[in-house]
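S.K.: next come a sequence and a model predicted from it.
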Amino acid sequence: MQNGSKIAALVLSALVLTGCSAPEPVPTATASPTATVTEEPTPEPVFLTAPLTGVEYLEGTNPYLLLPAVSAKIDNTYNGRPQLALNDADVVYVTRVEGGMTRLLPVWHSRMPESIGPVRSVRPVDASIIDPYSGVFVYSGGQSPFKNAARDTGLVMSDEDTEQSNDTYYREKSRVAPWNLFFRAQLLQSMHPEQTPPQAGFEFAAIPSAVSLGTAVTEFEVKYPQLRSTWMPGTASFPWGASSEPAWIRWMDGSEHLQEGGDQVVAKNVVVMEVEHDLSFVDPKYGAIPKAKLIENQGVAHVFSDGFYLRGTWSKAGSEAPIKLSLEGGEPLTLAIGNTWVEMMDLPKSKLKITEPEVVSE
């Protein structure tokens, strides 16, 4: 076991320069009182913390923090890749769908891209994921029970039908349907100031729990029935941090997972949740549609931060409650400051393989 490097705290200082000049001679017969000038103290800088990443921003420098989150159901098949702006999302959920495949549910808040996509249809687990974030939910159709559950959360539901009179969605001509539906996320976010910003869910620290209490790993892989999601430690540049800092780099089925524009998908944290799935909803055409059982439930959480691994637990109360991570003893499990991917692994159909460094004997 070894400890990772500490993330340096950002310190701002203000320097106030003052000056004076020699007094003018005043005739004694017309002398008057000299006014005393009191300089106002320089105000202390105020920082706002992004609730979904733990990143601090100087007040007034990030207008997105005062606006609602935008979450969306995003395709994750070969035809749907590369996706747009995954590295801009604060949190990305990998969820199981029918046929052994997966779809993504990113949540954008502290960094809002111009466009997101390709957008696909809603699934049964989505309501319990998006409910704590409030804001806007973007999707493309779906079965009535799944749409009704998402609508009951109170989020703004945004699809082609609701956006007919707006300039918020478009069909990308370079792609074929149904993998060509995109939404203008910044515009959507700005149109709904009545929606509140998201509540904090995970807890963050400069030295995360996996670094202080866990072990180093060289790779880990989640094998879904029809997909392999592989993460390897490396370095990346994040807008909020240093030019090069520890990161997890993502591969899918042995190939680099690239987003639109060619950048490989990276994350500061990856949380692999062991979740029981409900298979009771059976579609006549597609078969059983899995639903992760999150509400009033708990399970094992495998947490990876800055090249280190720590086993903990996850729990979620009601639909509106965020997912919480805890150490084995019940204390909060902290993540590295930055973005997070959450892989919802359905047991026993999916498996996690963790590779640790080889021990070299002297």
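M.R.: Nice, I can see it.
S.K.: so where do the helices sit in the chain?
M.R.: Secondary structure of the chain (DSSP state H): helices located at 126-130, 144-151, 185-190, 209-213.
S.K.: for these, give me TSV that also has mean neighbour count, distance to Trp179 and mean pLDDT.
M.R.: C-betas here are computed from N, CA, C, even on glycine. Below are the helices of the chain laid out as TSV (neighbours: other Cβ atoms under 10 Å; distance: least, Cβ to Cβ, whole Å; pLDDT from 0 to 100):
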stretch	mean neighbour count	distance to Trp179	mean pLDDT
helix 126-130	25	19	98
helix 144-151	16	20	96
helix 185-190	20	18	96
helix 209-213	22	35	98
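S.K.: reformat those helices as a markdown table; add distance to Ala177.
M.R.: Converted to a markdown table, those look like this (distance: least, Cβ to Cβ, whole Å):
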| stretch | distance to Ala177 |
| --- | --- |
| helix 126-130 | 21 |
| helix 144-151 | 20 |
| helix 185-190 | 21 |
| helix 209-213 | 42 |
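S.K.: and the residue nearest to His302 when sequence neighbours are not counted, bridged to which residues?
M.R.: Nearest residue to His302, sequence neighbours excluded (Cβ to Cβ, 6 or more residues apart in numbering): Val272, at 4.1 Å. For Val272, the beta-bridge partners are His302, Glu343 (DSSP bridges).
S.K.: do Trp108 as well
M.R.: Beta-bridge partners recorded for Trp108 (DSSP bridges): Val70.
S.K.: in contact with it, which residues?
M.R.: Shown in contact with Trp108 (Cβ atoms under 8 Å, 6 or more residues apart in numbering): Ala69, Val70, Ser71, Ala85, Asp88, Ala89, Asp90, Ile116, Ala185, Gln189.
S.K.: and of the residues you listed, the nearest to Lys293?
M.R.: Minimum distance to Lys293 across those is 19.9 Å, recorded for Ser71 (Cβ to Cβ).
S.K.: pretty sure that closest one sits against Ser134.
M.R.: No. Look at Ser71 against Ser134 with Cβ atoms under 8 Å: they stay out of range, at 9.6 Å.
S.K.: neighbour-wise, which of those two wins?
M.R.: Taking neighbours as other Cβ atoms under 10 Å, Ser71 and Ser134 compare with Ser71 leading, 30 against 21.
S.K.: wait, what's in contact with that one?
M.R.: Counted by Cβ under 8 Å, 6+ apart, Ser71 has contacts Leu105, Pro106, Val107, Trp108, Ile129, Ile130, Tyr133, Gly135, Val136, Phe137, Val138, Leu155.
S.K.: what is the burial count for the third one?
M.R.: The criterion is other Cβ under 10 Å. On that basis, Val107 has 25 neighbouring residues.
S.K.: ok, it to Lys293 distance?
M.R.: Note on Val107: its distance to Lys293, by Cβ to Cβ, to the nearest Å, is 20 Å.
S.K.: follow-up on the earlier one: and for Ser71 and Ser134, which residues touch both?
M.R.: Shared contacts of Ser71 and Ser134 (Cβ under 8 Å, 6+ apart): Leu155.
S.K.: could you measure from Arg311 over to Lys324?
M.R.: Arg311 is 16 Å from Lys324, by Cβ to Cβ.
S.K.: and for Ile130?
M.R.: 17 Å.
S.K.: same thing with Leu105?
M.R.: From Leu105 to Lys324 the distance is 18 Å (Cβ to Cβ).
S.K.: tell me which of those two has more neighbours.
M.R.: Higher neighbour count among Leu105 and Lys324: Leu105, with 25 against 17, using other Cβ under 10 Å.
S.K.: quick revisit: count of neighbours near the residue nearest to His302?
M.R.: 27.
S.K.: got it, and the one 4 residues further on?
M.R.: By other Cβ under 10 Å, 12 other residues sit near Glu276.
S.K.: now swap in Val282 and tell me
M.R.: Neighbour tally, Val282, other Cβ under 10 Å: 10.
S.K.: and what of Glu245?
M.R.: 18.
S.K.: ok, for it, nearest residue in space, not its chain neighbours?
M.R.: In space, Glu245 is closest to Thr235, 6.3 Å off (Cβ to Cβ, 6+ apart).
S.K.: give me the beta-bridge partners of the one you found?
M.R.: Bridge pairing for Thr235 - DSSP bridges - gives Pro246.
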